[in-house]
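Participant: just a sequence and a predicted model for now, questions to come.
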There are 2 protein chains.
Amino acid sequence: MKEWKHVFKLDPDREISDEDLDRLCMSGTDAVIVGGSSGVTYDNTVDLLSRIRKYTVPVALEISVAEAVVPAFDLYFIPVVLNTSQGEWITGRHQQAVKEFNHMTPWEEIASQGYVVLNPDSAVGKLTGAQTDLDAKDVAAYAQMAEHLFRMPIFYVEYSGMFGDMNLVRKARNQLTETRLFYGGGIDCLEKAEQAAEAAHTIVVGNVIYENLERALETVRVKEGQH
Amino acid sequence: MKEWKHVFKLDPDREISDEDLDRLCMSGTDAVIVGGSSGVTYDNTVDLLSRIRKYTVPVALEISVAEAVVPAFDLYFIPVVLNTSQGEWITGRHQQAVKEFNHMTPWEEIASQGYVVLNPDSAVGKLTGAQTDLDAKDVAAYAQMAEHLFRMPIFYVEYSGMFGDMNLVRKARNQLTETRLFYGGGIDCLEKAEQAAEAAHTIVVGNVIYENLERALETVRVKEGQH
């Protein structure tokens, strides 16, 4: 995960053909993350995992609902929304899920993600009541908390559906030494992927997969420039 | 901190004589924590620190308000309330404070404390809107989150003002391998101190200092039984 520069995020609630999935998994991306904000079920998650599992690309599940936790992923991500006043998105739902697993939680395969959600009009922004009116210093403070207060492996700047302020992203990344900054939102062509890859440690390419596969595949070229 | 078995907690907003403070600091306790729920100011915190500093006992500040952060403590604790729906007590106020310090936060001297507040009638319970209707499994789940999701050095079970359920405390401690369980609440004699010390890693003795100093001093004897 420390080496990931580019990942694709696939939504179990959206359709993708075998041919398109083949091209994504063979694209040279560092990993595939499975996750979505709505409509995620055990069945559609199992289905998508089994199709991705034909390939060697690492595959992680970003857990959004406890009911859709499927075994046999390489890694599990637990999102923690840092910029919300609604405690259920920071610790509340997590505690319910951990209690339900009843000491069976495989913590060694789990990594927490400290999210800052910055698009108020996005599904995730509305759902979690994210306080999105933040400047670069605000986000830099959250980055410090993710690394030092909560020792999270991932700090995730999520603009979900819009391309964000790369200056803000870069300033947040510059706070971090151990924690990795994941950037997601609005990466729909190679040029934006390059801008985001210059500012973040890891870029997440999602929606464009379902809108324009060729453009999505192009973004993997950001890996060419890496050391 | 990993070795602490017994600590005294002193409230900057409460009076203590030089003689009583001398006896506490020379008692053999492992550390003194300075902190309180209300009335904590820069001035009364500086004053109390300067008086404790005449002794060699380690002294930590539990930060409740950003305005009362005084330099020269050995260690700083940042409380994070895990069992509340009010995000300001989990991440909100913390972010404001970190932003204010503007990259000057001395993270190497800071340890986060994952609090579970279990007395709804206590000042801290009311202030933070803690959801206190929890059983042992609930608290055990929070303990797992403190250790694995947030990698906190301290998990703090706080019954503030009442002596708690030691069975619940023991079950929570048994979840932990790296994180230390601090127990606080209602320890007002050696017998309760012994019960709490058997269930927790570290016991915190507070209010009884101001009510019955002799009884407070007695509780240090829990250290005699340690390996």
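Facilitator: Noted; the coordinates are in hand.

Participant: give me the neighbour count for the closest residue in space to A:Ala146 that isn't next to it in sequence.
Facilitator: Excluding the flanking residues, the one nearest A:Ala146 by C-beta to C-beta, 6 or more residues apart in numbering or on different chains is A:Gly114, at 3.5 Å. Any C-beta I mention is one placed from the backbone N, CA and C, and that applies to glycine too. Residues within reach of A:Gly114, counting by other C-beta atoms under 10 Å in any protein chain shown, total 28.

Participant: show me the strands in chain A, by range?
Facilitator: For chain A, strands defined by DSSP state E occupy the ranges A:6-10, A:31-34, A:59-62, A:75-81, A:110-117, A:154-158, A:180-184, A:202-205.

Participant: can you list the strands that the first one pairs with?
Facilitator: Spelled out, it's strand A:6-10. Sheet pairing here is set by DSSP bridges, and for strand A:6-10 it gives strand A:31-34 (parallel), strand A:202-205 (parallel).

Participant: which of these is buried the deepest?
Facilitator: Ranked by average neighbour count under the criterion mean count of other C-beta atoms under 10 Å in any protein chain shown, the strands paired with strand A:6-10 are headed by strand A:202-205 at a mean of 25.

Participant: now the strands of chain A as TSV including mean pLDDT?
Facilitator: Formatted as TSV, the strands of chain A follow (pLDDT from 0 to 100):
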stretch	mean pLDDT
strand A:6-10	98
strand A:31-34	98
strand A:59-62	97
strand A:75-81	96
strand A:110-117	97
strand A:154-158	98
strand A:180-184	98
strand A:202-205	98
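
Participant: need those strands in JSON lines (columns: distance to B:Glu100).
Facilitator: Below are these laid out as JSON lines (distance: least, C-beta to C-beta, whole Å):
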{"stretch": "strand A:6-10", "distance to B:Glu100": "34"}
{"stretch": "strand A:31-34", "distance to B:Glu100": "34"}
{"stretch": "strand A:59-62", "distance to B:Glu100": "32"}
{"stretch": "strand A:75-81", "distance to B:Glu100": "22"}
{"stretch": "strand A:110-117", "distance to B:Glu100": "18"}
{"stretch": "strand A:154-158", "distance to B:Glu100": "20"}
{"stretch": "strand A:180-184", "distance to B:Glu100": "22"}
{"stretch": "strand A:202-205", "distance to B:Glu100": "29"}
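
Participant: show me the one of these that comes nearest A:Arg221.
Facilitator: A:Arg221 lies closest, by C-beta to C-beta, to one member of those: strand A:6-10, at 8.9 Å.

Participant: count the neighbours of A:Arg173 for me.
Facilitator: Count around A:Arg173 with other C-beta under 10 Å applied: 20.

Participant: A:Ala197 is in contact with that one, correct?
Facilitator: No. With contacts defined as C-beta atoms under 8 Å, A:Arg173 does not count as touching A:Ala197, sitting 11.1 Å away.

Participant: quick check: residues of chain A near chain B?
Facilitator: Selection of chain A residues close to chain B by C-beta under 8 Å from any C-beta of the partner chain yields A:78, A:80, A:82-92, A:94-96, A:98-99, A:102-103, A:105, A:107, A:110, A:112, A:137-138, A:140-142, A:144-145, A:148-152, A:175.

Participant: how about a cut-off of 7 Å?
Facilitator: Within chain A, the positions near chain B by C-beta under 7 Å from any C-beta of the partner chain are A:78, A:82, A:84-88, A:90-92, A:94-95, A:98-99, A:105, A:107, A:110, A:112, A:137-138, A:141-142, A:144-145, A:148-151.

Participant: narrow these to those in helices?
Facilitator: By the criterion of DSSP state H, membership of the residues of chain A next to chain B in helices covers A:Gly92, A:His94, A:Gln95, A:Val98, A:Lys99, A:Lys137, A:Asp138, A:Ala141, A:Tyr142, A:Gln144.
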